[in-house]
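K.L.:
build the 3D model from these lines:
(one chain, ligands or ions: 1)
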Amino acid sequence: MAHFDDKAMPFGNKWMDERIGLNTLKRVLNTEYWIPKDINFLWAMGMVLAATFGILVVSGIFLLMYYKPDVNLAFDSVNYTIMSEVGYGWFWRHIHGVGASIVFLIIYIHMFTGIYYGSYKRGRELIWLSGMGLFVAFSAEAFSGYMLPWGQMSYWAGMVITNLFSGGSLEAYGLVEWIRGDYVPGDAYLTRFFMLHVLLIPLAIIGLIVLHFGTLRLPHVNNQEGADIDYKESAELWKAGKKKESKVIPFSPVFLSKDLFVMGVYFIIFFYLVFYNFEFSMDPVNFDPADGLKTPAHIYPEWYFLWSYEILRPFSKDIGLIAFGIAQIAFVFLPFADRSPNVAPAHKRGLFNIWFWVLLIDMIVLTAMGKLPPTDPVFAMIGLVSAVLFLAMGPLLVLITMFEKKIEKGA
Ligand code: HEM
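P.N.:
As a prediction, this is how the structure comes out:
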């Protein structure tokens, strides 16, 4: 039976410690959880993501108070009620819209940091895989959220993407009607996407974040040189006052203060966008209510889906669907496709460095081409070449990493 001090001041340090072990948590974070010293601001992106997810949840709860998941009411509940009738409704909507767009920029930076430094292999495979789970869940969350204002782009992007499941050979199974709950996107479609957006996917995301954090604990985060750190030895050095020689820093308060600084800068930019430049996160076509009889001249997804949309577009239905499917899951296989034993930054890995930059530029080109109408033959050709290149990058990675020379550590 634990000992409780009856004289302890309620909610004081001792009172709290006896009830929830506050001091144990403080001790672990201050003296038992170590972070490599040799990391830069890119390693703060994980916490930036967690904070942005928090902001999306809070702003989403405010929007939920006035949103109406009904095809006859949804558009007005967002564009009139929330935007002009409810006090500060616009503020929460701008936060939610900007947050939904920016979170993808940060996810891509976070992913490419991991790829650049080889943080997905040799003990860190599960961090990568749970991260990919988060990527897929965030994509589903963004897509389902995009349906909710029931504007022209919500309706027609929903139509195009669900039509993928009526593609070629799949038609026979009536899959697309099953997904929509109707022959075209309608009320059943809207309410099921509403449920996914506000309940099921957020729950999955919370679970995946817990898993992602759990997978980080044993292998620790990587560092700029990919050094294999002896945490015990380095922690002892720090505790003995030899901070210069130690390769680690305590999570709290040293690392936390760095993280909070980066987050501070991030939120200055974030709220600048919310107040002065929110338009980039809202498509003008979506300010027209959904009309099933009026197809927009050019249908495209939000910027963060453009690269995979462009991989789908140049091909015929069946091949396009397969190419799109491969693009969606390609990154899952990264830890196993990279055959090299080196955990090192790309600039030290020869051909891998070229592979990394080609991949990044290819995805930027695909994104740019995905936004353009498919009518210009030159741009269509650039799109096709970039799509084929993307699909070739996986086998190319296997090939070049098989022959990558082992880097001697300490050299
Ligand atoms: C969207 C929600 C996500 C959250 C909240 C999140 C959170 C974090 C945090 C806090 C860290 C530790 C600090 C850092 O390196 O930034 C981390 C590391 C990591 N994350 Fe994520 N992450 C998310 C998504 C992803 C995605 C989409 C991937 C890629 C598939 C990914 C892959 C990784 C990897 C490989 C590491 C280890 C980095 C290293 O060892 O240096 N994460 N994540």
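K.L.:
do the helix or strand I364 falls within and the ligand meet?
P.N.:
I364 belongs to helix 351-371 when elements are defined using DSSP states H and E. No. Helix 351-371 does not reach the ligand (C-beta under 6 Å from any ligand atom); its nearest approach is 13.9 Å. From N, CA and C alone the C-beta is placed, and that goes for glycine too.
K.L.:
M402: neighbour count?
P.N.:
Around M402 sit 10 other residues, with neighbours defined as other C-beta atoms under 10 Å.
K.L.:
surely it touches R339?
P.N.:
Yes. Counting by C-beta atoms under 8 Å, M402 touches R339, with 4.7 Å between them.
K.L.:
pLDDT on the helix holding I364, on average?
P.N.:
Averaging pLDDT along helix 351-371 yields 97.
K.L.:
name the residues of the stretch 151-300 of the chain found near the ligand, please.
P.N.:
Neighbours of the ligand within the stretch 151-300 of the chain, by C-beta under 6 Å from any ligand atom: I209, H212, L216, V221, N222.
K.L.:
on that earlier part again, what's the helix holding I364 in contact with?
P.N.:
For helix 351-371, contacts defined as C-beta atoms under 8 Å, 6 or more residues apart in numbering pick out 112, 115-116, 300-301, 303, 305-311, 313, 338, 340, 346-347, 379, 382-383, 386-387, 389-390, 393, 396-397, 400-401, 404.
K.L.:
how does it look with 6 Å?
P.N.:
Residues outside helix 351-371 that contact it (C-beta atoms under 6 Å, 6 or more residues apart in numbering): 300, 306-307, 309-310, 346-347, 379, 382-383, 386, 389-390, 393, 400.
K.L.:
now stretch 182-195
P.N.:
P69, V71, S144, M147, Y155, G158, M159, R180, G181, G292.
K.L.:
in CSV, list those residues along with pLDDT and neighbour count.
P.N.:
Shown next, in CSV, are the contacts of stretch 182-195 (pLDDT from 0 to 100; neighbours: other C-beta atoms under 10 Å):
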residue, pLDDT, neighbour count
P69, 98, 20
V71, 98, 19
S144, 98, 19
M147, 97, 25
Y155, 97, 29
G158, 95, 22
M159, 94, 18
R180, 95, 22
G181, 95, 14
G292, 95, 12
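K.L.:
nearest to the ligand, of those?
P.N.:
Of all the contacts of stretch 182-195, the ligand sits closest to S144, with 16.0 Å by C-beta to the nearest ligand atom.
K.L.:
how about the contacts made by the closest one?
P.N.:
F193, L196, H197.
K.L.:
which element is the most centrally placed residue in the chain on?
P.N.:
For the chain, I107 is the residue whose C-alpha lies nearest the centre (C-alpha atoms, centre = their mean; 3.7 Å). Using DSSP H and E, I107 falls within helix 89-117.
K.L.:
how is L399 assigned, secondary-structure-wise?
P.N.:
Recorded secondary structure, L399: helix (DSSP: H, G, I helix; E, B strand; the rest coil).
K.L.:
gap between it and the ligand?
P.N.:
22 Å (C-beta to the nearest ligand atom, to the nearest Å).
K.L.:
tally of neighbours for that residue?
P.N.:
L399: 13 surrounding residues under other C-beta under 10 Å.
K.L.:
identify the residues contacting it.
P.N.:
Contacts of L399 by C-beta under 6 Å, 6+ apart: none found.
K.L.:
following element in sequence after the lowest-mean-pLDDT helix or strand in the chain, please.
P.N.:
Sorting the helices and strands of the chain by mean pLDDT, DSSP states H and E puts helix 317-329 at the bottom, at a mean of 86. Using DSSP H and E, the helix or strand that follows helix 317-329 in sequence is helix 334-337.
K.L.:
alpha carbons only: can I get that next one in CSV?
P.N.:
These are the backbone C-alpha positions of helix 334-337, laid out as CSV (Å, rounded to 0.1, in the frame of the first residue of the first chain):
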residue,chain,number,x,y,z
LEU,A,334,11.8,2.1,-48.5
PRO,A,335,13.5,0.4,-45.5
PHE,A,336,13.6,-2.9,-47.4
ALA,A,337,14.4,-1.5,-50.8
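K.L.:
for the record, mean pLDDT for it?
P.N.:
pLDDT averaged over helix 334-337 gives 97.
K.L.:
how about it: buried residues?
P.N.:
Neighbour-count burial for helix 334-337, counted by 16 or more other C-beta atoms under 10 Å, picks out L334, P335, A337.
K.L.:
check the residue of the chain most remote from its centre and give its pLDDT.
P.N.:
Note on the chain: the largest C-alpha distance from the chain mean falls to K7, namely 48.5 Å (C-alpha atoms, centre = their mean). On pLDDT, K7 comes in at 93.
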